[in-house]
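Colleague: What follows is a predicted structure for the sequence shown.
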Amino acid sequence: MNKSMFVTITAGLMLATPFISAEDTLPLKAVNRANEVIDAALEAYGGAEAITNLNSVARKSHFTTWATNQSRSPGPPWDENEQMSFSAVDFETKTFVGKNKGSGGGFDFNVSQIIKAEEGWQVSYRGGTVTPIAEPDFNTSSGPFIRVTAPLLVKQLQNRRQTSHWLGEVEFEGRAHDVITLVMEVGPALSLYFDKETHLLSRSERVLPPFGQVDYRFTNYEPIEGIPFSKTFRLLVNGEPNINIDIKSTQINQSIDEYAVVPESLEVVEVAPPAPTEVELQEVKKGVFLVGAGGTYAMFVEMNDHVIAVGGTAGIPERIKAMREVIKDKPIKYGVMTHHHNDHVLGVPAYQAEEAVVLSVKEHEAVMRGAATDADSLKLKFVEDKYVFDDGARKLEIIDIGPTPHAKHLLVAWLPAEGILFEADHFPNPTNGRMPPAQAVTKRLAEAIDQRGMDVKTIVGAHSPRIASIDDLRRALALSPVKVAQVSP
Ligand SMILES: [Zn+2]
C-alpha cells in the first residue's frame with residue numbers, strides 16, 4: 001500500500017466514525033482484549049488463586065535435540081542427540097536449579113546451574129568443579145524453563161498484565177486462537193496463542209536474532225493438582241524441529257531446597273577472567289599471529305609475499321584489521337575454513353572481499369558458497385587429505401583429520417617447523433588454564449596428531465585466547481570424568 005492510499009483510507013475511517021472515545025483507541029482495545037484472554041486463561045489453568053499460589057515447580061524431562069547446521073554432515077537430516085534435564089524454580093526464595101546431562105557433537109556434558117537469590121554457581125559434575133557465577137540473575141536463568149512451562153507463562157501474564165496486548169485472532173491447527181503478547185523481565189516479547197475454546201496455551205513465538213523465528217508448541221495437557229501442564233513440548237527454529245521435550249515428572253508447591261544444594265565434595269574454581277572484548281593480536285611465533293576477542297579467534301600466517309588466514313568464526317573483518325597493523329601490505333591469498341558449522345563459515349564473505357581463495361573440502365562446497373556474498377564468484381580450492389603451502393621459507397600444512405565425532409571432515413593447520421597446530425572445536429582450552437577431562441573430540445585430535453607423526457609443541461584454537469602447550473593436551477587426556485551423586489526427583 002502506498003502512503004497516499006493509506007491516508008485516504010484513514011481519512012475515510014475518520015469520517016465514518018467521527019466520535020472516537022478514549023475506550024475505543026486501538027491500544028486500549030488491545031489491552032482490554034488481552035485482559036479478557038488472560039482472565040479466561042487463568043480460569044482454565046485452575047483459577048487465579050491457584051496460579052497466584054503456584055510458587056514452585058520441579059520437572060524432570062527427556063530432551064531430543066537436532067543439531068541444525070551443527071551436525072557431522074553439512075546437510076539434513078541433522079544429528080539427533082538425547083539429554084536428561086531437571087529444572088526447578090521457586091519464586092518466593094528466587095531459587096532456580098537447572099541440570100543437564102547428555103552428549104552431542106563429540107562432547108559429553110553433565111552440568112548444573114544453581115541460583116539462590118543473589119548467589120549462583122555453575123557445577124560441572126564431569127569436571128568435578130564448582131564455579132561461582134560472577135553476576136547471578138534469577139530472571140535470566142529461570143527464563144528458558146518458564147518459556148517451556150505453560151502455567152508459568154500464565155503466571156507471568158497474571159503478574160505482567162499491563163505489558164500484554166491482543167494481537168488478533170488466528171486459526172492454528174484448525175482451531176481458533178487469540179494471540180496476545182507477553183513481555184518478560186528479560187528477552188524479546190513472546191506472542192502467546194490461546195485456544196478460544198479450551199483457553200489453554202497451544203503455541204508461543206518469538207523472534208530471536210540471529211537464530212530467527214523460535215516457535216514453541218505445547219501439547220498433551222494433564223492436570224497436576226488441578227493445574228493443566230503440557231506433558232510434551234516441541235521447539236522449532238525457522239520451521240525446523242530443534243527440541244522435543246517429554247516430561248517425566250512434575251512436582252508443584254514443594255520445597256526445592258534439596259535440589260539446590262551446592263555439592264561440597266567438588267573443587268571450587270575461581271571465576272575465570274572474562275575473555276577480552278577488544279580484538280587482541282598475539283604473536284605465537286615470528287610471523288604467526290593469533291587474533292581475536294570474546295570467543296572467536298583466527299590465525300594469520302605470514303608467508304614471503306602473502307598471508308594465509310585460518311579460521312572463519314565471527315568478526316573476521318576486525319581480525320583482518322588488527323593483523324594489518326603488523327603485516328601492512330601482503331595480500332591474504334587464502335582463507336582456510338576448518339569445517340562447515342554455521343559459526344565457522346561467517347568469515348567467508350570477509351575472505352571473498354579480500355579476493356582470497358577459500359580452502360575447504362569438496363563436501364562443504366554448498367555451505368561455503370551459501371555463506372559467500374556472491375556464491376558464483378567465490379574462489380574455492382578443495383583439500384584432499386592434505387594441502388601443503390611451501391614458499392621455501394615457511395611450510396604450512398592443511399590436514400583433514402576427519403572423520404571425528406564432531407565433523408566428517410575437519411581441517412587443522414600445521415606448521416611443522418614451528419610445532420604450532422591450529423584447531424577448531426576439538427580441544428576446549430579454558431582461559432583460566434584449568435584443563436577439563438578430555439572429550440571424545442580431544443581424544444580423536446590426539447590420535448590424529450600421533451597418526452600423522454606431528455611433533456606438536458603449541459596448540460591454538462578458534463575459541464580461546466590461551467596458547468596451550470602439548471602438556472595441556474596430555475593433562476586433559478590423563479583426567480577422567482568425576483563421578484558425583486546427585487539429587488533429583
Ligand atoms: Zn563445530
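Modeller: Ah, there it is. If you're wondering where the values come from, they're calculated on a predicted model, not measured in any experiment.
Colleague: can you pull out the helices in the stretch 201-350 of the chain?
Modeller: Taking DSSP state H, counting those that start in this stretch, the helices of the stretch 201-350 of the chain run over residues 316-324, 348-353.
Colleague: for those helices, which one sits closest to the ion?
Modeller: Of all these, helix 348-353 sits nearest to the ion, with 15.1 Å by CB to the ion. C-beta: built from backbone N, CA, C; applies to glycine.
Colleague: Which elements pack onto that closest one?
Modeller: helix 316-324, strand 332-336, strand 357-360, helix 365-371 (3 or more CB pairs under 8 Å, 6 or more residues apart in numbering; DSSP states H and E).
Colleague: got TSV for the ones you listed, with distance to residue 383 too?
Modeller: Converted to TSV, the helices and strands packed on helix 348-353 look like this (distance: least, CB to CB, whole Å):
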stretch	distance to residue 383
helix 316-324	19
strand 332-336	8
strand 357-360	6
helix 365-371	12
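Colleague: Format those as JSON lines; extra columns: mean neighbour count, distance to the ion and mean pLDDT.
Modeller: Shown next, in JSON lines, are these (neighbours: other CB atoms under 10 Å; distance: least, CB to the ion, whole Å; pLDDT from 0 to 100):
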{"stretch": "helix 316-324", "mean neighbour count": "19", "distance to the ion": "16", "mean pLDDT": "98"}
{"stretch": "strand 332-336", "mean neighbour count": "24", "distance to the ion": "15", "mean pLDDT": "98"}
{"stretch": "strand 357-360", "mean neighbour count": "24", "distance to the ion": "14", "mean pLDDT": "98"}
{"stretch": "helix 365-371", "mean neighbour count": "18", "distance to the ion": "12", "mean pLDDT": "97"}
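Colleague: Using PDB, write down the CA coordinates of stretch 178-186.
Modeller: In PDB, the C-alpha atoms belonging to stretch 178-186 read as follows (Å, rounded to 0.1, in the frame of the first residue of the first chain):
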ATOM      1  CA  ASP A 178      -6.400 -15.400  20.400                       C
ATOM      2  CA  VAL A 179      -2.900 -14.200  20.200                       C
ATOM      3  CA  ILE A 180      -1.600 -11.900  23.000                       C
ATOM      4  CA  THR A 181       1.900 -10.600  23.800                       C
ATOM      5  CA  LEU A 182       3.900 -11.200  26.900                       C
ATOM      6  CA  VAL A 183       7.000  -9.100  27.800                       C
ATOM      7  CA  MET A 184       9.100 -10.900  30.400                       C
ATOM      8  CA  GLU A 185      11.700  -9.300  32.600                       C
ATOM      9  CA  VAL A 186      14.400 -10.400  30.100                       C
END
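Colleague: who's in contact with that stretch?
Modeller: Residues outside stretch 178-186 that contact it (CB atoms under 8 Å, 6 or more residues apart in numbering): 33-34, 37-38, 137, 139-140, 143, 146-147, 153, 156-157, 160, 163-170, 189-194, 196.
Colleague: what pairs with residue 237 across the strands?
Modeller: residue 214, residue 240 (DSSP bridges).
Colleague: returning to that earlier point: reformat the helices of the stretch 201-350 of the chain as a markdown table; add distance to residue 436.
Modeller: Listed next are the helices of the stretch 201-350 of the chain as a markdown table, based on distance: least, CB to CB, whole Å:
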| stretch | distance to residue 436 |
| --- | --- |
| helix 316-324 | 26 |
| helix 348-353 | 31 |
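Colleague: Out of these, the one nearest residue 275 is which?
Modeller: helix 316-324 (14.0 Å; CB to CB).
Colleague: In terms of secondary structure, what does that closest one contact?
Modeller: Applying 3+ CB pairs under 8 Å, 6+ apart, one finds that helix 316-324 contacts strand 280-285, strand 288-293, strand 296-302, strand 307-310, helix 348-353.
Colleague: again, only this time at 6 Å
Modeller: strand 288-293 (3 or more CB pairs under 6 Å, 6 or more residues apart in numbering; DSSP states H and E).
Colleague: Give me the residues contacting the strand it packs on.
Modeller: 276-279, 281-284, 297-301, 319, 322-323, 420, 460 (CB atoms under 6 Å, 6 or more residues apart in numbering).
Colleague: before we move on, what about stretch 248-268?
Modeller: 55-61, 88, 90, 95, 97, 114, 116, 121, 128-130, 224-225, 229, 484, 487, 489.
Colleague: Which among the residues you listed count as buried?
Modeller: Buried residues within the contacts of stretch 248-268, counting neighbours by 16 or more other CB atoms under 10 Å: 55-61, 88, 90, 95, 97, 114, 116, 121, 128-130, 224, 229.
Colleague: List the contacts of the closest residue in space to residue 343 that isn't next to it in sequence.
Modeller: Residue nearest to residue 343 in three dimensions, not counting chain neighbours: residue 313, with 6.0 Å by CB to CB, 6 or more residues apart in numbering. Contacts for residue 313 (CB under 6 Å, 6+ apart) come out as 296, 344, 462.
Colleague: now, which of the residues you listed lie close to the ion?
Modeller: Among the contacts of residue 313, none lies close to the ion by the criterion of CB under 5 Å from the ion.
Colleague: Which one of these is nearest to the ion?
Modeller: Using CB to the ion, residue 344 comes nearest to the ion of the contacts of residue 313, at 5.8 Å.
Colleague: any idea how far the closest one is from residue 267?
Modeller: 32 Å (CB to CB, to the nearest Å).
Colleague: three-state assignment of residue 50?
Modeller: Assigned by DSSP: H, G, I helix; E, B strand; the rest coil, the conformation of residue 50 is helix.
Colleague: State the pLDDT value of it.
Modeller: pLDDT recorded at residue 50 is 98.
Colleague: Same question for residue 480.
Modeller: At residue 480, the pLDDT value in this model is 83.
Colleague: For it, which non-adjacent residue is spatially closest?
Modeller: Per CB to CB, 6+ apart, closest to residue 480 is residue 437, 5.7 Å.
Colleague: next one: residue 376
Modeller: residue 369 (7.7 Å).
Colleague: Would you confirm that that neighbour contacts residue 375?
Modeller: Yes: Residue 369 is within contact range of residue 375, at 3.9 Å (criterion: CB atoms under 6 Å).
Colleague: how about low-confidence regions in this structure?
Modeller: The chain contains residues with pLDDT under 70 at 1-23, 210, 483-489.
Colleague: so how far does stretch 448-462 reach from one end to the other?
Modeller: Counting by CA to CA, to the nearest Å, you get 18 Å between the two ends of stretch 448-462.
Colleague: Buried by neighbour count: which residues of it qualify?
Modeller: 448, 449, 454, 456, 458, 459, 460, 461, 462.
Colleague: Next, check those residues against the strands and list the overlap.
Modeller: Judged by DSSP state E, strands contain the following of the buried residues of stretch 448-462: 458, 459, 460, 461.
Colleague: ok, now which ones touch the third one?
Modeller: When the contact criterion is CB under 6 Å, 6+ apart, the partners of residue 460 are 290, 422, 467.
Colleague: That concludes my questions; thank you for your assistance.
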